[in-house]
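J.: predicted model and sequence below, questions to follow.
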Amino acid sequence: MVTVDMLPARYGDALLVTWGTKKNPHRMLIDAGLAGAFPAVKAKLESFEGDIDLFVVTHVDIDHIGGAVKLLADSTLTPRIREVWFNGFEHLEKFNDLLGPMDGERLSALIRTAALPWNTGWPDPVDETVGGPVVCRDDPPVVKLPGRATLTVVGPTPQKLADLLKVWRQVISDAGIKKGVKPKEEEPDVTGRGILGLSLADLADAKFDGDDAEANGSSIAFVFEHKGTRILFGADAHEETLVENLAKLVPAGERYTVSACKLPHHGSRRNVSSVLVQALDCPQWWFSSSGARFHHPNDEAVARVIRFGGPRPKLVGNYASDRWKSFTTDFPPGDHDYELVLPIDGTEGITVTVP
């Protein structure tokens with residue numbers, strides 16, 4: 001049995017995965033949300049004893065990395081982290097030599113200062129203390145975790161890391177991880193339901209315009225597996241990266257079976273295509289977002305999951321947001337054959353148990 005806490009990370013991600021036994025649990029933290037969401041992450045980590053076997057910082061975006069900077073600066077928490085995965089500038093350099101060395105990248109500096117094991121065991125190590133890039137070069141690599149769990153890495157590709165390298169300086173400035181620089185406010189996304197009268201099928205069939213943000217494309221995405229339970233954690237990965245690499249895990253034309261999928265980019269219409277949904281045999285689809293600023297999940301993404309995600313798909317969100325209220329008013333679960341699970345009124349975050 002695997003438990004996943006989808007913590008209240010506002011419009012970002014902070015996911016705590018727990019497996020093993022009560023006497024010997026193992027844990028992985030995936031991102032830590034916005035800096036303002038860090039108190040909720042800290043409170044959760046302080047609610048139990050024991051280590052975090054792996055802390056994955058999926059990519060350089062403020063809604064994933066802001067809380068990570070605060071966590072790694074917290075001397076009460078860093079001793080409990082046994083390993084970090086994060087592709088910093090020094091890892092991107094392995095694929096292209098467009099930029100010279102740079103200082104001021106706070107997350108990398110904090111990892112080094114805390115002397116935490118960093119990308120341990122990955123090929124092409126940066127130096128004697130730092131492993132190589134976490135990347136899917138060809139066949140998705142499989143990494144063993146404590147407690148007989150594995151991660152099958154399905155993103156990023158070398159090309160996606162090379163793309164990020166070209167704009168690295170601007171990206172880390174926009175993310176606010178350069179010292180003294182405030183994060184840039186991104187433009188809100190726009191839902192496609194601006195025209196009244198659209199059906200759920202209309203939304204699901206809306207033209208797919210894929211995400212082209214370099215930071216999102218560099219996301220570390222993977223399948224977690226433990227005793228037959230498989231969960232796809234999509235970070236903010238580009239749709240084509242996930243589709244291409246998931247296809248390598250099954251015979252041609254077959255769907256890849258997972259127990260649940262944490263959808264990429266909080267259910268953005270630009271990262272959740274009908275092709276991606278149909279690439280999976282999946283009963284549960286998870287959305288991590290408060291709906292603030294970017295209107296996630298987008299109606300088109302939700303409609304694609306409902307239409308192509310199998311019989312009576314189960315949708316799970318970590319906020320009972322206005323986005324969900326609006327969608328369910330127009331497309332009630334009972335009329336459209338899906339199930340929606342949200343936190344009870346007045347609470348934020350949700351815990352999901354996957355058998």
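T.: Arrived safely, thanks for sending.
J.: CA only for contacts and neighbour counts going forward, please
T.: Will do.
J.: only alpha carbons, please: show the helix or strand encompassing residue 161 as CSV.
T.: Per DSSP states H and E: residue 161 is located in helix 158-166. Provided in CSV are the C-alpha atoms of helix 158-166 (Å, rounded to 0.1, in the frame of the first residue of the first chain):
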residue,chain,number,x,y,z
PRO,A,158,18.9,15.4,-23.2
GLN,A,159,17.3,17.8,-25.7
LYS,A,160,15.0,19.3,-23.1
LEU,A,161,17.9,20.0,-20.8
ALA,A,162,19.9,21.5,-23.7
ASP,A,163,16.9,23.7,-24.4
LEU,A,164,16.8,24.9,-20.8
LEU,A,165,20.5,25.7,-20.8
LYS,A,166,20.0,28.2,-23.6
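J.: could you pull up the residues touching residue 304?
T.: 203-205, 272-274, 277 (C-alpha atoms under 8 Å, 6 or more residues apart in numbering).
J.: what bits of the stretch 101-250 of the chain have low per-residue confidence?
T.: 101-104, 176-196 (pLDDT under 70).
J.: buried subset of the contacts of residue 304 as a PyMOL selection?
T.: To isolate the buried ones among the contacts of residue 304 in PyMOL, judged by 16 or more other C-alpha atoms under 10 Å, type:
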select buried, resi 203+204+272+273+274+277
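J.: what's the closest non-adjacent residue to the most centrally placed residue in the chain?
T.: The C-alpha lying nearest the average C-alpha coordinate of the chain belongs to residue 235 (C-alpha atoms, centre = their mean; 2.1 Å). Spatial nearest neighbour of residue 235, chain neighbours left out: residue 264 (5.1 Å); criterion: C-alpha to C-alpha, 6 or more residues apart in numbering.
J.: mind listing the helices for the stretch 251-355 of the chain?
T.: In the stretch 251-355 of the chain, the helices defined using DSSP state H, counting those that start in this stretch lie at 274-278, 299-308, 322-330, 333-336.
J.: deepest of those, which one?
T.: A comparison of the helices of the stretch 251-355 of the chain by mean neighbour count, using mean count of other C-alpha atoms under 10 Å, puts helix 299-308 on top with a mean of 25.
J.: for that helix, C-alpha coordinates in PDB please.
T.: What follows is helix 299-308, C-alpha atoms only, in PDB (Å, rounded to 0.1, in the frame of the first residue of the first chain):
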ATOM      1  CA  ASP A 299     -11.600  22.600 -18.500                       C
ATOM      2  CA  GLU A 300     -10.100  21.100 -21.700                       C
ATOM      3  CA  ALA A 301      -7.700  18.900 -19.700                       C
ATOM      4  CA  VAL A 302     -10.400  17.700 -17.300                       C
ATOM      5  CA  ALA A 303     -12.700  17.000 -20.200                       C
ATOM      6  CA  ARG A 304     -10.000  14.900 -21.900                       C
ATOM      7  CA  VAL A 305      -9.500  12.800 -18.800                       C
ATOM      8  CA  ILE A 306     -13.300  12.200 -18.400                       C
ATOM      9  CA  ARG A 307     -13.800  11.400 -22.100                       C
ATOM     10  CA  PHE A 308     -10.700   9.300 -22.700                       C
END
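J.: and the angle from that helix to helix 322-330?
T.: Angle of helix 299-308 versus helix 322-330, following axes from the mean of the first three to the mean of the last three C-alpha atoms, to 10 degrees, is 50 degrees.
J.: out of the helices of the stretch 251-355 of the chain, which comes closest to residue 172?
T.: Minimum separation from residue 172 across the helices of the stretch 251-355 of the chain (C-alpha to C-alpha) falls at helix 299-308, 27.9 Å.
J.: what is the rounded mean pLDDT of the closest one?
T.: On average, the pLDDT along helix 299-308 is 97.
J.: what does stretch 324-335 give?
T.: For stretch 324-335, the mean per-residue pLDDT is 96.
J.: in CSV, list the helices of the stretch 251-355 of the chain along with distance to residue 133.
T.: Output for the helices of the stretch 251-355 of the chain, formatted as CSV (distance: least, C-alpha to C-alpha, whole Å):
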stretch, distance to residue 133
helix 274-278, 25
helix 299-308, 30
helix 322-330, 37
helix 333-336, 43
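J.: out of those helices, nearest to residue 14?
T.: helix 322-330 (19.6 Å).
J.: mind listing residues that contact the closest one?
T.: The contact list for helix 322-330 (C-alpha under 8 Å, 6+ apart) reads 291, 295-297, 299.
J.: and those residues as a markdown table, adding distance to residue 354?
T.: As requested, these are exported to a markdown table (distance: C-alpha to C-alpha, whole Å):
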| residue | distance to residue 354 |
| --- | --- |
| 291 | 25 |
| 295 | 27 |
| 296 | 24 |
| 297 | 22 |
| 299 | 26 |
